[in-house]
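Novice: My questions concern the predicted model and sequence given below.
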Amino acid sequence: MANPRRTKEEQKVTEAPQNRRDTKKGTGGASSDDAGASAFGMRIENLSAHYGSFKAVTDVSMDIRANKVTALIGPSGCGKSTYIRCLNRMHEVIPGARAEGRVRLGDQDIYARDMDPVRIRRRIGMVFQKPNPFSKSIYENVAWGARINGYKGDMDELVEHSLKQAALWEEVKDKLKKSGYDLSGGQQQRLCIARTLAVEPEVILMDEPASALDPVSTQKIEDTMDQLKQSYTVVIVTHNMQQAARISDYTGFFYIENMGDPGRLWEFDETEKMFSNPDRKETEDYVTGRFG
Amino acid sequence: MSQSSTEVTRQKEQEPGTGGNFKTSVGARHGWDRFFTALVFAATLIGLAVLGVLLVDVGRQGVPVLSWHFFTSLGSADAENAGFLPAILGSLWLLGIVLIVAVPVGIAAAVYLEEYANDNWLNRLIEINISNLAGVPSIIYGLLGLGVFVYIFGLGRSILTGGLILSLLILPVIIIATREAVRAVPQSVREGAYALGATQWEAIRHHVLPQALPGALTGTILALSRAIGETAPLIAIGAVPYMTFLPEGLLSSFTAMPIQIYNWTGEPEEAFQNLAAAGIVVLMLVLLVSNAGAIWLRNKFQRRN
Amino acid sequence: MTVETRQGQGSGQNLWRESRARNVRERLVRVVLRACAYVSILTTFGIVFVLFGEAFTFFQDVSIVRFLTETQWTAGFATTPEDGEFGIIVLAWATIFSTIIACVVALPIGLGAAIYLSEYASAGLRRWLKPALEILAGVPTIVYGFFALTFVTPFLQGTILPGIQIYNILSASLVMGVMIIPTVASVSEDAIYAVPRGLREGAYALGATKREVATKVVVPAAISGIVASFVLGISRAVGETMIMAVAAGALAQLTVNPLESMQTMTAYIVQVTSGESPRGSLEYETIFAVGATLFVMTLLLNTIAYWFVRRFREVY
């Protein structure tokens, strides 16, 4: 644990096989494995999310594997975004919103009483649907999060490394002092990814990160994601089924059976199986484009 | 378009009241429309016309009085010798206190109410209370200053009392304007900061406040202008009619531009009326510049969004 | 779970400094901000305490019945409670009378301006007119007072009303009307502007003219906001001080002749406080009794306005 970045990655890789062990029983929710999720994966148990008296998501259990991309798909309004916001305690930022259940990062329950959401969010980063760079320079956009979290290393190096990881460095290296707003939409989103990477999270949550972007930008973001899973655990909400099929290792399908019900995790499995031979009919209808 | 105009002509050609079941003449209705347009246009201009007359009248009386002597002399019972300097300095002192007290407290209160406060009875009470305070006549604040600051706190009829009273007076204005500006900052800005592991205050301090600044600043400048022109509460706490010395410190007695104008206005000699007009010219120039600045700032800010 | 374990879970720990001060700062900031928000409560408490405390002392000398029923106000000449009359109606009537005159000017003109600005004015014109109205709203009342005394009164004297006195309630009230035009106009305009386009288009589609849409559809739809603007305007007129103190004179008399001097509640307070009346004297106490009356009146008006504003905010 004493070494920086590289050691962390190596460690994650060595732990990956251990995760694979319970891969097989991924279908439909929590594994009852006593061993618990690995240090850098997440395990969600019976999670429900509310907005005031309205229940948006109910009883979701799933294991999120380390160093894999997990995609969440499903029709609009079925609670995918709400769910992913529960995974780094962003949901509770909305007045009246709360979540119940257990969300483990490693062997820690992030909803435990003594857990500080501020620290959780550094370890579980998030990229939002619409690019939301700060109205600061490109450099400051990346450096800010690291600075408030007390980063002691070489800031220039961290900014450069993060921008490179987000595949943005070449485009912005000569204008780091310019405002983040001056970039195109796709560049802004990669800036937001870079800023998330700069605080060295373990998990990156992405809520439809490409939905507001053109196809070329989307392609770049997808390439970036492919790189990211080498070092991070990635969870991504997407409306785009091709995208889910292309980039993810695991896929969860959210669905609402009757209007007004809360959203549920209908099926969860390896992406290949979900798109070729899902267990449930609704999943098949959705991935083949029969509705939604 | 063409259809409606042919209808107009047809209606005009016919005898009124013979157009089938529709008895009113469209021509007459259009006449009323033109009249009404002129009426509401005049209503808009009337206030501005009065403002114009006021400025011309005051300028005509006051501008000839403006001189080096006017700006650099102390108060005097004699119109020949009377100057505006103690009043200008007094207003600057007051402005300084208001800047130090009302601006930070007002912005802090606004941030608390907008970002931190839960929706409970106490905070709702604060909210209603602030909007009520904004409507309390300024002379009432003067009585508050007289009863509490002058006598109970023992601050006397001093610059400090005046500054604190003006601060309380404009606090609701600053709070209301700043809250609106803070509310206008999109939630995504806060979320972006939170997602990096920022605390609430870090998100506010580094992202929300800088973005809300132009809006808050506009409201604050307008509030400060109001403080500069405010007269009644300062009279109530006992600003002095004319000062033959300059204010020396926070507990010094004082006068201010509007107070000096009020006192000159009350003198029967015409020379004093002219002095009052000259004082008004100075006061209005200060206010026009600061208000125009505030409005310019807001327009610039609104267009960018 | 201890802090140490959590740090152990983190990545690249030696480069990240966990700061305990951060949590302390967070809590401290919150406390300070909250304290600032409570200043407003303290202000109200102070106002109520001062006004009603001193007024209470006054009412021990002069009964509240006398205060409400006597028809003269001679507090300035009274050294003991017995040899003066303290009928608040005299000052209150002057306040109400001046408010009525001001409203006759300000309400229709303010509403007209609001209609023009939101329904008729082009975007370019609006961009000039609205700031101009704001400048009008920013003119200090002492300036209006000076204008009423040194321009409006002589002007009326020289043209249509030769019998008008130097100090009179009419000039002061007319100018006060001009002063509150921006208040009425801007709150009304907000309400009118908030009326959905669909409503206007529906009326146009039935063959209504622009005036008919404005007066028969838009104004009724925005009525609670317009009423709020009226009530706010009235409240400002009731509390207006300097115009009255400068131009309406200091004669506390009960009359309906607008050409004569009358003393409003606010002007009375100014008159007493600008003179020397020692704390504890009868005259000193009267201003708090008058102030309390004024406070209650404006509070009532503001509450009504607040209620109407909320109503129109809820509708759209």
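Specialist: Good, I have the coordinates.
Novice: And for the residue nearest the centre of chain A, nearest residue in space, chain neighbours not counted?
Specialist: By Cα atoms, centre = their mean, chain A has its centre lying nearest to residue A:205, at 1.7 Å. Leaving aside its sequence neighbours, residue A:205 sits nearest to residue A:126 (Cβ to Cβ, 6 or more residues apart in numbering or on different chains; 4.5 Å). All C-beta spots, glycine's among them, are computed from the backbone N, C-alpha and C.
Novice: What count of nearby residues applies to that neighbour?
Specialist: As a burial measure, residue A:126 scores 25 neighbours (other Cβ atoms under 10 Å in any protein chain shown).
Novice: Check which strands are paired with the helix or strand harbouring it and give the direction for each one.
Specialist: Applying DSSP states H and E as the criterion places residue A:126 in strand A:124-127. Using DSSP bridges, the strands paired with strand A:124-127 in its sheet are strand A:203-207 (parallel).
Novice: Now the very next helix or strand once past the partner strand - C-alpha only, PDB.
Specialist: For strand A:203-207, the following helix or strand on the C-terminal side (DSSP H and E) is helix A:215-228. Extracted C-alpha coordinates of helix A:215-228, given in PDB (Å, rounded to 0.1, in the frame of the first residue of the first chain):
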ATOM      1  CA  PRO A 215     -20.600  10.400 -32.800                       C
ATOM      2  CA  VAL A 216     -16.900  11.400 -33.200                       C
ATOM      3  CA  SER A 217     -16.700  12.600 -29.600                       C
ATOM      4  CA  THR A 218     -18.600   9.500 -28.400                       C
ATOM      5  CA  GLN A 219     -16.000   7.300 -30.200                       C
ATOM      6  CA  LYS A 220     -13.200   9.100 -28.300                       C
ATOM      7  CA  ILE A 221     -14.900   8.700 -25.000                       C
ATOM      8  CA  GLU A 222     -15.400   5.000 -25.700                       C
ATOM      9  CA  ASP A 223     -11.700   4.600 -26.600                       C
ATOM     10  CA  THR A 224     -10.900   6.400 -23.300                       C
ATOM     11  CA  MET A 225     -13.000   4.000 -21.400                       C
ATOM     12  CA  ASP A 226     -11.300   1.000 -22.900                       C
ATOM     13  CA  GLN A 227      -8.000   2.400 -21.500                       C
ATOM     14  CA  LEU A 228      -9.600   3.200 -18.200                       C
END
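Novice: And the residue of the stretch 201-316 of chain C that's closest to chain B?
Specialist: Residue of the stretch 201-316 of chain C nearest chain B, by Cβ to the nearest Cβ: residue C:239 (2.6 Å).
Novice: And the helix or strand hosting residue B:28, what does it pack against?
Specialist: Following DSSP H and E, one finds residue B:28 within helix B:26-62. Judged by 3 or more Cβ pairs under 8 Å, 6 or more residues apart in numbering or on different chains; DSSP states H and E, helix B:26-62 is in contact with helix B:2-13, helix B:270-304, helix C:88-115, helix C:123-137, helix C:141-147, helix C:169-193, helix C:210-212.
Novice: Now with 7 Å, please.
Specialist: helix B:2-13, helix B:270-304, helix C:88-115, helix C:123-137, helix C:169-193, helix C:210-212 (3 or more Cβ pairs under 7 Å, 6 or more residues apart in numbering or on different chains; DSSP states H and E).
Novice: got the contact list for the strand holding residue A:126?
Specialist: Applying Cβ atoms under 7 Å, 6 or more residues apart in numbering or on different chains, the contact partners of strand A:124-127 are A:87-88, A:90, A:105, A:192-193, A:196, A:199, A:201-207, A:209, B:195-196.
Novice: Try it again at 8 Å.
Specialist: The contact list for strand A:124-127 (Cβ atoms under 8 Å, 6 or more residues apart in numbering or on different chains) reads A:42, A:84-85, A:87-88, A:90, A:105, A:110, A:189, A:192-193, A:196-197, A:199, A:201-207, A:209, B:191, B:195-196.
Novice: Could you give me the buried positions within the helix holding residue B:28?
Specialist: Neighbour-count burial for helix B:26-62 flags B:26, B:29, B:33, B:36-37, B:40-41, B:43-48, B:50-51, B:54-55, B:57-59, B:61-62 (criterion: 16 or more other Cβ atoms under 10 Å in any protein chain shown).
Novice: distance of the closest residue to chain A within the stretch 1-150 of chain C from residue A:153?
Specialist: Of all residues in the stretch 1-150 of chain C, residue C:17 sits closest to chain A, at 3.6 Å by Cβ to the nearest Cβ. Remark: distance between residue C:17 and residue A:153 (Cβ to Cβ, to the nearest Å) = 10 Å.
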